[in-house]
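[1] attaching a predicted model along with its sequence, questions to come.
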Amino acid sequence: MSHSTPALTEADRLMTVCNSCRYCEGLCAVFPAMELKRSFSDGDLNHLANLCHNCGACYHDCQFTPPHEFAVNVPGTLAQVRAESYAHYAWPKAARPLFARHGTALAIGMTLVTALFILGLVAANEPGALLTAHLDDARFYALLPHEAMVALFGAAFLWMLLAVFMGARAFWRDTGTPQTELRDHTQATLDAARLRYLDGGGMGCFNEDDQPTDRRRLWHHFTFYGFLLCLGATSLATVYHYVFGWEAPYTWHSGPALLGIAGGIGLVIGPLGLLSAKRARMQELGAVGFRGMEVGFILMLLITGASGLALRVLGETALLGPLLALHLGAVLTFFLSMPYGKFVHGLYRYLALSRHARDMRIALAPKR
Ligand code: SF4
Ligand code: SF4
């Protein structure tokens, strides 16, 4: 079967070799999923690539890795296919080049530009508030009226939702629009929540050498649950505002603040661990040409978490204005970049896990 990119062609070759060998079938979901097929379309290979958690176990277990003439490198090849799949499914098409350019400098630059834009809005609204807003009881809104915040973030959020939905729909269609049931999604949610397939079949994840550990999974968990807690803080604050009429800022022992502090700590520890693991990671296990996208995404999370915590600690000082602008700039940049960066890997992996749960349920059902 012909494929649309060299990475997909190589993935097809490797899956044919692995399907004959099957030595790694107990390591993760990729090999059992591969065994259900004899030939692979682009959609099948993108499904397998997003099912792979890049634990590296099959690279270290394989007797055919380079310099063997078969040159089998499943994690590296699937990482390349996976990274290219993010751009392939992105919506609108014109935004696809952003994945290759979505680097560290772009993430930091966009955050600063957005923060400056917000500072400009503050200056236009109430110039004197920038360094004195902390003296005001309604200090957030002395800087930026609530309506302006809602309009700015609501528009960015809706755009993000639309673009992410369109990308996910294209991915789902290309992988065959599988007819999943609630139990498949329950299984996929459990597998995603504990990162089941990042454990190298029970040994741990290989990162810088041939000694597996659980550290990479731990950093992912700090990041993922930190993000969810921050999302919970924002959602609860919205309920406080619109349902109870309680306006921000909230005391440190209120629900939104406690969730935000816990989430912010997760979004600092997790990304720092991931950056350190990425710096040490064996190059053979990663995709070529997408390092900037990956580091940029982790940095965005780190800046968002750290600026949110700094706002909590220093929110009653004259730094409130600049810190609020930086935090809002980071959140707005994060929203806008979500459909065009590494964020989509969580969504596509969840969809791949859902299809896998459904495929295995059908394959293992007793035959009548
Ligand atoms: S990665 Fe290597 S050892 Fe594992 S199934 Fe493929 S060919 Fe066999
Ligand atoms: S790197 Fe890990 S998750 Fe990916 S195919 Fe190999 S064993 Fe499976």
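    Looks like it came in fine. Ligands and ions are numbered 1, 2, ... in the order given.
[2] only C-alpha atoms from now on, for both contacts and neighbour counts.
    OK.
[3] can you count the residues close to the spatially closest residue to Glu35 that is not a sequence neighbour?
    Once flanking residues are discounted, Glu35 sits nearest to Asn19: 6.1 Å by C-alpha to C-alpha, 6 or more residues apart in numbering. Asn19 has 19 neighbouring residues, counting by other C-alpha atoms under 10 Å.
[4] need the contact list for Asn19.
    Shown in contact with Asn19 (C-alpha atoms under 8 Å, 6 or more residues apart in numbering): Phe31, Met34, Glu35.
[5] for stretch 196-211, how far is the first residue from the last?
    19 Å (C-alpha to C-alpha, to the nearest Å).
[6] show me which positions of that stretch end up buried.
    Buried residues in stretch 196-211, counted by 16 or more other C-alpha atoms under 10 Å: Arg196, Tyr197, Leu198, Asp199, Gly200, Gly201, Gly202, Gly204, Cys205, Phe206, Asn207, Glu208.
[7] likewise stretch 166-183?
    Per 16+ other C-alpha under 10 Å, stretch 166-183 contains these buried residues: Met166, Gly167, Ala168, Arg169, Phe171, Trp172, Asp174, Thr175.
[8] near ligand 1, list only the ones from the contacts of Asn19.
    Among the contacts of Asn19, not one lies near ligand 1 by C-alpha under 6 Å from any ligand atom.
[9] helix or strand right after the helix or strand hosting Arg82?
    Assigned by DSSP states H and E, Arg82 falls within helix 74-88. Remark: after helix 74-88, the chain's next helix or strand is helix 98-101, criterion DSSP H and E.
[10] which parts of the stretch 151-300 of the chain sit against ligand 2?
    Within the stretch 151-300 of the chain, the residues that sit near ligand 2 (C-alpha under 6 Å from any ligand atom) are Tyr197, Gly200.
[11] where do the strands sit along the stretch 151-300 of the chain?
    Along the stretch 151-300 of the chain, no segments are classed as strands by DSSP state E, counting those that start in this stretch.
[12] poorly predicted segments of it, please.
    Low-confidence segments of the stretch 151-300 of the chain, defined by pLDDT under 70: none present.
[13] just to revisit the earlier point, and for the helix holding Arg82, what's in contact with it?
    Helix 74-88 has contacts (C-alpha under 8 Å, 6+ apart) with 7-8, 10-11, 14, 45-46, 48-50, 52, 54-56, 58-59, 96-97, 99, 284-288, 290, 340-342, 344-345.
[14] report the entries of the residues you listed that also contact ligand 1.
    Checking the contacts of helix 74-88 against ligand 1 (C-alpha under 6 Å from any ligand atom), the matches are Cys58.
[15] lovely, talk soon.
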